[in-house]
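**Student:** Below: sequence and its predicted model.
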Amino acid sequence: MNKLVLCTTKDELLEHYLIRKAVFIDEQKVSYKDEYDFQEKEALPYLYFYRGKAIGAARIKIEEDFAKLERICILKPYRGLGLGKKFLEELMAYAVNLGIKRFVLGAQAYAVPFYEKLGFIIAGDLYFDAGIPHYKMKKEPLQ
């Protein structure tokens, strides 16, 4: 069973940070300083469970009329199973329930086609975050 969980306990928050560490720090060689920033207190941290195991993490920052989806990641053994799509759809559904209908995110360049399949479009020039090429992407509500 797949399940999105807002981290509300120390154990959930620790698991959230450990997944991000495994993906961004260990795998992609992002520094601790770049990965864990002062935005942590302003964002809602989530875990994504697959068959009872936490395999994904992300955070959402709610702005005035949009949600910024950040630090979206899935542990390497669980990639390619369609779980990323389900995870992102559930994150957006959570924000929609709060009245949010517009989304932005910073996509690593290699992941742009993944986000485009979910209705995101590139909304800016190539930039580098933690030495990794990214594009700002957005998703507007359907009219």
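**Tutor:** Cool, got the structure.

**Student:** Can you spell out which residues form a bridge with residue 135?
**Tutor:** Listed by DSSP bridges, the beta-bridge partners for residue 135 are residue 107.

**Student:** ok, it touching residue 128?
**Tutor:** No. Using C-beta atoms under 8 Å, residue 135 is not in contact with residue 128, being 10.8 Å away. To be clear about C-beta, it is placed using only N, CA and C from the backbone, and glycine gets the same treatment.

**Student:** average model confidence for the helix ranked longest in the chain?
**Tutor:** Looking across the chain with DSSP state H, the single longest helix is helix 83-97. Mean pLDDT, helix 83-97: 91.

**Student:** now it, how far from the chain's geometric center?
**Tutor:** Taking C-alpha atoms, centre = their mean, to the nearest Å, one finds the center of helix 83-97 at 10 Å from the center of the full chain.

**Student:** Quick one: residues in contact with it.
**Tutor:** 2, 4, 6, 46, 48, 50, 55-56, 58, 60, 62, 67, 69, 72, 74, 103, 114-115, 117-118, 139 (C-beta atoms under 8 Å, 6 or more residues apart in numbering).

**Student:** Please enumerate the strands of the chain.
**Tutor:** 2-6, 44-50, 53-62, 67-74, 103-108, 121-122, 127-129, 132-139 (DSSP state E).

**Student:** Could you say which one of the ones you listed comes nearest to residue 26?
**Tutor:** Go through the strands of the chain one by one with C-beta to C-beta and the one that ends up closest to residue 26 is strand 67-74, at 11.3 Å.

**Student:** If you drop the residues flanking it in sequence, what lies closest to the most centrally placed residue in the chain?
**Tutor:** For the chain, the residue nearest the mean C-alpha position is residue 72 (2.2 Å; C-alpha atoms, centre = their mean). Sequence neighbours aside, residue 58 is the residue nearest to residue 72 in space, at 4.3 Å (criterion: C-beta to C-beta, 6 or more residues apart in numbering).
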